[in-house]
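A.B. asks: okay, sequence plus prediction incoming.
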Amino acid sequence: MYLYLILIAGLVIFILLSIVLYRKYAAGFKPDNNQIIDQSSADLTMGELRKISSRPILLGLEDNLVSDEDLYFDDVNFYAINTKHNRKVVFPLTDIVELSKTSVIITNHHVWLVILQTKDNNKIVFRFTHNYTIWNKNFHVFYQKVNQISPSAVKSKWSLWTM
């Protein structure tokens, strides 16, 4: 009888502790980019864009960890395209003030962080997992391009072992 009571109390404490830890570390992790101005009328040709983000599969939990937008770049611009809401936004690569790797890992991919500063000093944050593979090196090209344009914006070192 006491064993069942202790087991139930332990389970309740575990659930409460899990909720507290989730609220402290995971809730609010995903940025809400409400200050983005929709540029749906922007003429984008997908053939010229290089995709750098991917959606990890974590049974729906990834929605709290990464941004909803698919991220692309070309020679001069950074693109955030949200196909669910039909929203497209274009930023110059020079607006990137930080490119860094977070400590969160989903399916052996670090969650990366891109912070952009708009002309009115608003900071826009995108969190994503890269799509770097043997055949797709777009993220590494993006990393090198940001490092070339603004070396102070790159906060994490790139290597094949720590990507």
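C.D. replies: Now that the structure is in, tell me what you want to look at. Numbering: from 1, shown residues only.

A.B. asks: average pLDDT for the longest strand that the chain contains?
C.D. replies: Ranked by residue count and defined by DSSP state E, the top strand of the chain is strand 96-106. Mean pLDDT, taken over the full extent of strand 96-106, equals 88.

A.B. asks: helices or strands next to it in the packing?
C.D. replies: Strand 96-106 is packed against strand 109-117, strand 123-130, helix 138-149, with contacts defined by 3 or more C-beta pairs under 8 Å, 6 or more residues apart in numbering; DSSP states H and E. From N, CA and C alone the C-beta is placed, and that goes for glycine too.

A.B. asks: identify each buried residue in the last one, please.
C.D. replies: Neighbour counts using 16 or more other C-beta atoms under 10 Å place 138-139, 142-143, 145-146 of helix 138-149 among the buried residues.

A.B. asks: between those residues, which is closest to Asn108?
C.D. replies: Using C-beta to C-beta, Phe139 is the member of these that sits closest to Asn108, with 14.5 Å.

A.B. asks: dump the residue contacts of Ser103.
C.D. replies: Neighbouring residues of Ser103 by C-beta atoms under 8 Å, 6 or more residues apart in numbering: His110.

A.B. asks: beyond the helix or strand containing Gly10, next helix or strand please.
C.D. replies: When elements are defined using DSSP states H and E, Gly10 is found to belong to helix 2-25. Heading C-terminal from helix 2-25, the first helix or strand you meet, by DSSP H and E, is strand 50-51.

A.B. asks: the following helix or strand past that following strand - contacts with which helices or strands?
C.D. replies: Past strand 50-51, further along toward the C-terminus, the next helix or strand under DSSP H and E is strand 53-54. Packing contacts for strand 53-54, counted by 3+ C-beta pairs under 8 Å, 6+ apart, involve strand 123-130.

A.B. asks: what's the span of stretch 54-66, first residue to last?
C.D. replies: The stretch stretch 54-66 measures 10 Å between its terminal residues, going by C-alpha to C-alpha, to the nearest Å.

A.B. asks: output the helices and strands packed on strand 96-106 as JSON lines; include the columns mean pLDDT and distance to Asn77.
C.D. replies: Formatted as JSON lines, the entries for the helices and strands packed on strand 96-106 read as follows, by pLDDT from 0 to 100; distance: least, C-beta to C-beta, whole Å:
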{"stretch": "strand 109-117", "mean pLDDT": "88", "distance to Asn77": "11"}
{"stretch": "strand 123-130", "mean pLDDT": "88", "distance to Asn77": "14"}
{"stretch": "helix 138-149", "mean pLDDT": "91", "distance to Asn77": "11"}
